[in-house]
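Undergrad: Below are the sequence and a predicted model; questions follow.
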Number of protein chains: 2
Amino acid sequence: MGEVRDKAALARAAAARMNTLSTEEKNSALLRMADALIANQESIIEAIQEDLERGRAGGTSESLLDRLKLTEERIMGIAEGLRQIVELPDPVGDKLEAFSRPNGLQIEKIRVPLGVIGMIYEARPNVTVDAAGLCLKTGNAVVLRGGSAAIASNKQIVEVLRKTLADTKMPPDALQLIEDSDRRSVDEMLKLNGLLDVVIPRGGASLIRNVVENATVPVIETGAGICHTYLDESAEPAMASDIALNAKAQRPSVCNAMETLLVHRSFANDHLPSIAGRLRDAGVELRGCEAVRALLPDTADAPAPEYDHEYNDYILNIRIVDSLDEALGHIRQYGTMHSECIVTENAEHAARFMQEIDAAAVYHNASTRFTDGFEFGFGAEIGISTQKLHARGPMGLPALTSTKYRIYGTGQIRG
Amino acid sequence: MGEVRDKAALARAAAARMNTLSTEEKNSALLRMADALIANQESIIEAIQEDLERGRAGGTSESLLDRLKLTEERIMGIAEGLRQIVELPDPVGDKLEAFSRPNGLQIEKIRVPLGVIGMIYEARPNVTVDAAGLCLKTGNAVVLRGGSAAIASNKQIVEVLRKTLADTKMPPDALQLIEDSDRRSVDEMLKLNGLLDVVIPRGGASLIRNVVENATVPVIETGAGICHTYLDESAEPAMASDIALNAKAQRPSVCNAMETLLVHRSFANDHLPSIAGRLRDAGVELRGCEAVRALLPDTADAPAPEYDHEYNDYILNIRIVDSLDEALGHIRQYGTMHSECIVTENAEHAARFMQEIDAAAVYHNASTRFTDGFEFGFGAEIGISTQKLHARGPMGLPALTSTKYRIYGTGQIRG
């Protein structure tokens, strides 16, 4: 159990040095990291074999193992991701506010690194490099705790990167990997107030719930998305159909995919059968409320909709509603405040939806699948925050920073 | 135990309505609240008598009881505080960003209310009104849990305010007071994920520690301040003396007061004796390191300095250091990242201190006592955040808001 605290303490000490690095020094280190991954790809691919064999022996499915796999091509892509982070503007040092007071004090609000970030995640080793790159670019130290399935490759990757940092201005101790794959190492991280400034969980619902329920360190909650699309009475039929299909079926496994389609009764009568047909053709199982079952006879034997469940799969709830207010009420009750959409040609309904829905991203006439740091043009994404403090929605580099006030005086004292 | 959850659920329902109020509707309600406090001052003063009598019977000291006391004058001041909140600009609805994407999506980032805020605080009933005013002004619902010492007056105040809200556009259920003074009611609030969006503790160290350690709802940590002032070799002596005296003795009980004075050795030899004299004259007990004890013989018998303790009292640690780096190291080890000051005429030393010290407020040549929402010109203060997420330093109205993205499309789907 000494590993977690010891490595966090090393990261904390390195954070002070990180805070003094220039953008050029950070970028130069990131480029060296990218080169080193490619130069050392053989040793990394060897390590992943170890992970794959252990997984196979333990009965992990081939499709899951395929996600872990690192090939020359994938390592090239991971290195390219680091180079793209280099190209992004560095938010650290940005002057967000500057004002003076009647007593002559000059006050500035400046972006600074968060300090030490704990990342807790599952599975794929590309997250190891991506998270490291984003945290280091913003002048933070980072303590990574990846999933046990990729432990050998994570160890090899971090060893390569730390060795490379030794030849740069960036302290290798700013990058730490917890190797203890016992769950207690996660629990220990969650209580490291004073050593970690924030913990960011990335992964499935149970991982995130464990972090939220047990952390005393501040958390940025990411992930869960029970997203809705509401097709209003006046929706343009072709647009409504395209958006519904895209929101559900383009990639159902992700958090910004639709779980429930809400349809105004009069629109449903005219258009739901054809929309349902396209969804079925895309392989989506439809589960409907009573009115839907009456309208779409082939849904009569499907299981009942579970409105509070995130399927992340080719399954869709459909519910017919009588009004915008009923749709708003449904979303208020079941939504996870991630991404919500209205399709309508009625400007007043659109305005009410955009105002009244309390979610990270609210859409008028566009697919919820756009909730993503890259789609928003941030050039990076450390996750999608579903909480309201600090950052909400797709998180780019600024979400990995804090601020401080600098106050310049000429001897002012308080009267 | 039903009270806490029931009232939070009422607040959650009211939050949806709060989110649709205009600035004028909110301000008009706040003005009515101010008037109602004055119109009902007799009943409030009666209620506080009950608190005072119960306190006296329980052996509470008269000085503590004096802080609880509500007079006509104090109620006038509290009402005036509400009117000042009305005058502040409403941050809700501010467009923080607006950009378009190559696919034609128009994206806006808008300030929105946080939702439901839980305030956990001690003692004075003026906090009840002040916190309610700030939370309601920013379109939030609020669940207040004040200290048991003022329970009768808090109940009376909230009853008056809720009755008043019934005649306004603001829903009375947006203002809730937990009346159960058992500590379990606090513990229950801390776990109300889904009903509370954030918990803000205001009070002593043990209250804040309990909240941070037990909350699963996101927390904005406030309060603890072990603040330092470093008098550099080149400090201007009169300025250094004035700032040190002000930072310690102007109001030692608050979080931005200095706990430890760090003095460069050569400056100490020439100037510490006279500074120490002024501090002593102000009633401050001095506790020094060995070098200080040698320089100031009368400190030889004082207790040893406790550098990691927040005295909040007329007690000051003094430590002599040999360099700026030693001062930075001391602050890194013992500081709570609240407010830190360097007094120096050396521009390079000032720049290093302002860059390298990781604190909410870093001062060059001014007293740490200025870390305060009113002194910063925010016109309000819900507390001083000592964490790095969401808000850091004095928190004005924007700290009580979140953001959301509104995305306007014309049928865009993701490819």
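TA: Right, received. Where do you want to start? If you're wondering where the values come from, they're calculated on a predicted model, not measured in any experiment. Numbers count the residues shown, from 1 in each chain, chains lettered A, B, ... in the order given.

Undergrad: Get me the contact residues on the stretch 201-350 of chain A for chain B.
TA: Counting by CB under 8 Å from any CB of the partner chain, the stretch 201-350 of chain A comes close to chain B at A:212-213, A:216, A:218-221, A:236, A:239, A:242-243, A:245-247, A:250, A:332. The way it works is simple: take the backbone N, C-alpha and C, and place the C-beta from them, glycine included.

Undergrad: again, 6 Å this time
TA: For the stretch 201-350 of chain A, the contact set with chain B under CB under 6 Å from any CB of the partner chain comprises A:212, A:213, A:216, A:218, A:239, A:242, A:246, A:250.

Undergrad: Could you verify that the first one is part of a helix?
TA: Yes: when the secondary structure is assigned by DSSP: H, G, I helix; E, B strand; the rest coil, residue A:212 falls within a helix.

Undergrad: any idea how far it is from residue A:218?
TA: Residue A:212 sits at a distance of 11 Å from residue A:218 (criterion: CB to CB, to the nearest Å).

Undergrad: Between these two, point out the one with more neighbours.
TA: Taking other CB atoms under 10 Å in any protein chain shown, residue A:212 and residue A:218 do not tie; residue A:218 has more neighbours (23 against 18).

Undergrad: and that one, what is it in contact with?
TA: Counting by CB atoms under 6 Å, 6 or more residues apart in numbering or on different chains, residue A:218 makes contact with A:198, B:387, B:389.

Undergrad: Separate out the buried members of those residues.
TA: Buried members of these, counted by 16 or more other CB atoms under 10 Å in any protein chain shown: A:198, B:387, B:389.

Undergrad: Among these, which ones are in strands?
TA: The strands, defined by DSSP state E, take in residue A:198 from these.

Undergrad: Now go through the residues of the stretch 201-350 of chain A next to chain B and say which are in strands.
TA: In strands, judged by DSSP E, none of those are found.

Undergrad: Any of these buried? List them.
TA: Judged by 16+ other CB under 10 Å, buried ones among these: A:212, A:216, A:218, A:239, A:242, A:246, A:250.

Undergrad: Which members of those define the maximum pairwise distance?
TA: Pairwise distances across those (CB to CB) peak at 47.3 Å, for the pair A:216 and A:239.

Undergrad: picking up where we left off before, can you put the buried ones among the contacts of residue A:218 in JSON lines and add distance to residue B:110 and pLDDT?
TA: Formatted as JSON lines, the buried ones among the contacts of residue A:218 follow (distance: CB to CB, whole Å; pLDDT from 0 to 100):
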{"residue": "A:198", "distance to residue B:110": "24", "pLDDT": "96"}
{"residue": "B:387", "distance to residue B:110": "24", "pLDDT": "90"}
{"residue": "B:389", "distance to residue B:110": "20", "pLDDT": "95"}
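
Undergrad: Just send the buried ones among the residues of the stretch 201-350 of chain A next to chain B back as TSV, with pLDDT too.
TA: Output for these, formatted as TSV (pLDDT from 0 to 100):
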residue	pLDDT
A:212	91
A:216	93
A:218	93
A:239	98
A:242	98
A:246	98
A:250	95
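
Undergrad: Mind checking which of these land in helices?
TA: A:212, A:239, A:242, A:246 (DSSP state H).

Undergrad: right, and the third one touches residue B:415 too?
TA: Same thing as residue A:242. No: between residue A:242 and residue B:415 there is no contact under CB atoms under 6 Å: 11.6 Å.

Undergrad: Pull the residues that contact stretch A:189-199.
TA: A:4, A:8, A:12, A:114-118, A:145, A:214-219, B:388-389.

Undergrad: so how far is residue A:270 from the residue in the stretch 201-350 of chain A that chain B sits nearest to?
TA: The nearest approach of the stretch 201-350 of chain A to chain B comes at residue A:246, 3.6 Å away (CB to the nearest CB). To residue A:270, residue A:246 is 21 Å away according to CB to CB.

Undergrad: Count the neighbours of the residue of the stretch 1-150 of chain A at minimum distance from chain B for me.
TA: Proximity of the stretch 1-150 of chain A to chain B (CB to the nearest CB) peaks at residue A:114, 5.3 Å away. By other CB under 10 Å, 26 other residues sit near residue A:114.

Undergrad: ok, it touching residue B:388?
TA: Yes: look at residue A:114 against residue B:388 with CB under 6 Å: they come within range, at 5.3 Å.

Undergrad: Which neighbours do those two have in common?
TA: A:197, A:402.

Undergrad: And residue A:1, what's its pLDDT?
TA: Note for residue A:1: predicted pLDDT of 51.

Undergrad: for residue A:91, same thing?
TA: 97.

Undergrad: And for the one 3 residues further on?
TA: You'll see residue A:94 listed with a pLDDT of 98.

Undergrad: Does anything pack onto the biggest strand by length in chain A? Which helices or strands?
TA: Using DSSP E to define each element, chain A has its longest strand at strand A:401-412. When contacts are defined as 3 or more CB pairs under 6 Å, 6 or more residues apart in numbering or on different chains; DSSP states H and E, strand A:401-412 sits against strand A:106-113, strand B:361-366.

Undergrad: As TSV, the ones you listed with mean pLDDT, distance to residue B:132 and mean neighbour count would be great.
TA: Below are those laid out as TSV (pLDDT from 0 to 100; distance: least, CB to CB, whole Å; neighbours: other CB atoms under 10 Å in any protein chain shown):
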stretch	mean pLDDT	distance to residue B:132	mean neighbour count
strand A:106-113	98	27	20
strand B:361-366	98	27	26
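
Undergrad: Take those and write them to CSV, including distance to residue A:258.
TA: Converted to CSV, these look like this (distance: least, CB to CB, whole Å):
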stretch, distance to residue A:258
strand A:106-113, 35
strand B:361-366, 45
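
Undergrad: Please identify which two of the residues of the stretch 201-350 of chain A next to chain B are farthest apart in space.
TA: Longest span within these, CB to CB: A:216 and A:239, 47.3 Å.

Undergrad: Return the residues in contact with the closest residue to chain B within the stretch 251-400 of chain A.
TA: Closest residue of the stretch 251-400 of chain A to chain B, CB to the nearest CB: residue A:366 (2.7 Å). Residue A:366 sits next to B:105, B:407, B:409, B:412 when contact means CB under 6 Å, 6+ apart.

Undergrad: from those residues, which two are the most distant?
TA: Counting by CB to CB, the most remote pair of the contacts of residue A:366 is B:407 and B:412, 8.8 Å apart.

Undergrad: Neighbour count: these two, which is higher?
TA: residue B:407 (26 against 23).

Undergrad: List the residues that contact the more buried one.
TA: Applying CB under 6 Å, 6+ apart to residue B:407 gives the contacts A:363, A:366, B:105, B:107.

Undergrad: same thing but 10 Å
TA: Counting by CB atoms under 10 Å, 6 or more residues apart in numbering or on different chains, residue B:407 touches A:339, A:341, A:354, A:361-368, A:370-371, A:375-376, A:393, B:101, B:105-108.

Undergrad: Who does it form a beta bridge with?
TA: Beta-bridge partners for residue B:407, by DSSP bridges, are residue A:363, residue B:107.

Undergrad: Next: residue A:231.
TA: residue A:263, residue A:343.

Undergrad: per-residue confidence for it?
TA: For residue A:231, the predicted pLDDT is 98.

Undergrad: Okay, and residue A:29 sits in which element?
TA: helix A:23-39 (DSSP states H and E).
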